[in-house]
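# here's a sequence, model it:
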Amino acid sequence: MEVENEIAPYKRVQIARNQDRPYSLDLFNTMFEDFVEIHGDRRYSDDSAVICGFGKLDGIEVALIGQQKGRDMNQRRFRNFAMSKPEGYRKALRVMKIAEKFRRAIICFIDTPGAYPGIDAEERGQAEAIAYNLREMALLTVPVIVVVLGEGGSGGALAIGIGDRVLMLENAVYSVITPEGCAAILWKDAGKAELAANSLRLTAKELYNFGLVDEIIPESVEWSIDKEPSEEESSFDEVSDKLKKSILKHLRELVKFKEDDLITTRYEKFRKMGEWSN
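Residues are numbered from 1 along each chain as shown. Coordinates of the predicted model:
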């Protein structure tokens, strides 16, 4: 891990939200071969904020789950700004269970400001869907690798974030709440988001030092609409290549685990989070 750039936490948040960053579907179509999408949760409907399916990574068959933002207003509305509803989490779990049945590793890509907070989502059991995913992911008998691509917001991110390995892009963020939401609650002023970001410890480097993230994927640039098209393409290829190598490395390590050892190690990994000692 080589992360040298010291960038203010709120600046990282802004970079993480940049529409030019790689999104889940970008990586599904470039890093993986033969990607086939699966729709619907078999209970209510399909949630376009979550993309699920199966593909191959260097010939290894894997299940893919990713939260998808949009780059223009029409896409954002269609994807609900990557804010999943209960049917999205149930669709994700449905694919995980299929992957477990056929002994396929699972790779989850996190990029959401949080779960959708609308009344309709609450009526259909938003909190229950998230909680159920947390329990079931902890007990999966196949390897699970989680990648935080951009924003990792609250339970909306954690609902697909229980993994044996948690990777994070250098300019991604991962926290219990957005800085704006935190500032609005604590100081009744969303304008103090920068102060909140400093307090939340949401950057990849800080989370790695806390032991919450296993590896940081370096980014050579700050994603910006000011970049030339050729530079943007080069940056995407570089990040996707580093990410692919990292995922393959962890996959090859995890497939050596016995099922019981995999579950025990994953459980212990998350139980250690938040431990405090003098």
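# the helix or strand of the chain with the lowest mean pLDDT - contacts with which helices or strands?
For the chain, using mean pLDDT, DSSP states H and E, the weakest element among its helices and strands is helix 229-254, scoring a mean of 86. In terms of contacts (3 or more Cβ pairs under 8 Å, 6 or more residues apart in numbering; DSSP states H and E), helix 229-254 is packed against helix 24-30, strand 50-57, strand 60-67, strand 105-112, strand 144-153, strand 165-169, strand 215-217. Using the backbone N, CA and C atoms, a C-beta is placed for each residue, glycine as well.
# L262: which of those is closest?
strand 144-153 (8.8 Å; Cβ to Cβ).
# I'd like the average pLDDT over the closest one.
For strand 144-153, the mean per-residue pLDDT is 96.
# got it, and stretch 28-37?
Mean predicted lDDT for stretch 28-37 stands at 95.
# which of the residues in it are buried?
The neighbour-count check on stretch 28-37 (16 or more other Cβ atoms under 10 Å) flags F28, M31, F32, F35 as buried.
# picking that back up, would you mark the buried spots in the least confident helix or strand of the chain?
Of the residues in helix 229-254, 232, 235-236, 239-240, 242-244, 246-247, 250-251, 254 count as buried by neighbour count, 16+ other Cβ under 10 Å.
# in TSV, list the buried residues of stretch 28-37 along with distance to V166.
Shown next, in TSV, are the buried residues of stretch 28-37 (distance: Cβ to Cβ, whole Å):
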residue	distance to V166
F28	19
M31	18
F32	19
F35	23
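# low-confidence regions, this protein specifically.
1-5, 221-233, 278 (pLDDT under 70).
# at 90 what do you get?
Applying pLDDT under 90 to the chain flags the ranges 1-7, 190, 219-238, 271-278.
# next, the angle strand 50-57 makes with the least confident helix or strand of the chain.
Relative orientation of helix 229-254 and strand 50-57, computed by axes from the mean of the first three to the mean of the last three Cα atoms, to 10 degrees: 70 degrees.
# how far off centre is helix 229-254?
Relative to the mean C-alpha coordinate of its chain, helix 229-254 is positioned 15 Å out (Cα atoms, centre = their mean, to the nearest Å).
# check stretch 271-278 too.
23 Å.
# assess the claim that Y44 and G88 are in contact.
No: using Cβ atoms under 8 Å, Y44 makes no contact with G88, being 10.1 Å away.
# distance check, Y174 against S277.
Separation of Y174 from S277 (Cβ to Cβ, to the nearest Å): 23 Å.
# looking at these two, which has the bigger crowd around it?
Y174 (26 against 3; other Cβ atoms under 10 Å).
# tell me the helix or strand right after the helix or strand harbouring that one.
Per DSSP states H and E: Y174 is located in strand 173-175. Downstream of strand 173-175, the first helix or strand assigned by DSSP H and E is helix 179-187.
# now do that following helix and strand 144-153, the angle between them.
60 degrees.
# mind listing what the spatially most central residue of the chain touches?
Geometric centre of the chain, nearest residue: I110, 1.4 Å, by Cα atoms, centre = their mean. I110 makes contacts with Q67, V146, V147, V148, L149, E151, G152, A157, I160, G161, Y174, as judged by Cβ atoms under 8 Å, 6 or more residues apart in numbering.
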